[in-house]
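# for reference, the sequence and a predicted model appear below.
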Amino acid sequence: MKGYGRAVAATIFLIGLGTLLAALFAALPFGQAPMQVGQATAVVALPETGATNIVSAILLAYRGLDTLGEVTILFVAATAAGMVLSGAGRGEAQGAPAGFILRVASGLLFPFLLALGAFIVVHGHLTPGGGFQGGAILAAAFFIPLLANPASPLNHTVAMVIEGVSGAAFIAIGAAALFGGEAFLTPLFGTGTPGELFSAGSLPLLYLAVGLKVGSELAGLMARVAGEGGRA
């Protein structure tokens, strides 16, 4: 009887979901984008910000406050997870180092991952990528050697300083626009020549701050998950 009730509930749910989707597709003309704000933003983003990657222009200029909120949520989540895991590794034996090949390979991968993460962060205003994606790769660059050898050092103090300075830099760059009579996080320094590395004004600086903050937070969190935090 219980299985029959679940089947009836699932059938009702599927019928309701199908009806909702059918109503939505009937109300939206096929082939015509209903989002007028998005179309308008795509038209003005390049001349206003100088960023050839329109997504970066939206994340850092038009909805920069949302991006600041996302970075704050990541910070709170990493802090909470670190507090929960801070004593998980105390009194426990550390894992043995991986084999010779894995330890050597992790050391060889480190500079390549570091360069790749930095490239993605620095070119976020030109090509797909940016601070969040590049920051995750930077975190992996420091975390992979730790997986290969649990005794590998990861200075949490340095990571915390980088995290704090980068977060303060993001807010400071956004607040600098207020002194010029502009809105918070309005791009500074002009637009430059679209497509060049030094363009899009202050957007690359904002992405650099985001990349360093995300990388330091994720590296510290993953180290605690791996048990490194118990010895810090």
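Here it is on my side, so go on. Residues are numbered from 1 along each chain as shown.
# now the residue most central in space within the chain: closest residue in space that isn't a chain neighbour?
Centroid-nearest residue in the chain, with Cα atoms, centre = their mean: F132, separated by 2.3 Å. Leaving aside its sequence neighbours, F132 sits nearest to V214 (Cβ to Cβ, 6 or more residues apart in numbering; 5.6 Å). C-beta here means a position set from N, CA and C on the backbone, and glycine is covered the same way.
# quick one: that neighbour from F143, how far?
Distance, V214 to F143, by Cβ to Cβ, to the nearest Å: 13 Å.
# show me where pLDDT drops low in this protein?
Applying pLDDT under 70 to the chain picks out residues 1-3, 30-34, 86-98, 150-154, 226-232.
# and the strands in it?
Counting by DSSP state E, one finds no strands in the chain.
# buried residues in the longest helix seen in it, which are they?
Assignment by DSSP state H gives helix 2-27 as the longest helix of the chain. Buried residues in helix 2-27, counted by 16 or more other Cβ atoms under 10 Å: none are found.
# distance from that helix to the middle of the chain?
36 Å (Cα atoms, centre = their mean, to the nearest Å).
# could I get the full set of helices for this protein?
2-27, 36-49, 54-57, 64-85, 100-122, 131-148, 156-179, 203-225.
# so which elements touch the fourth one?
Helices and strands touching helix 64-85, by 3 or more Cβ pairs under 8 Å, 6 or more residues apart in numbering; DSSP states H and E, are helix 156-179, helix 203-225.
# give me the residues contacting that helix.
Applying Cβ atoms under 8 Å, 6 or more residues apart in numbering, the contact partners of helix 64-85 are 59-60, 132, 163, 167, 170-171, 174, 184-185, 206, 210, 213-214, 217-218, 220-221, 224-225, 229-230.
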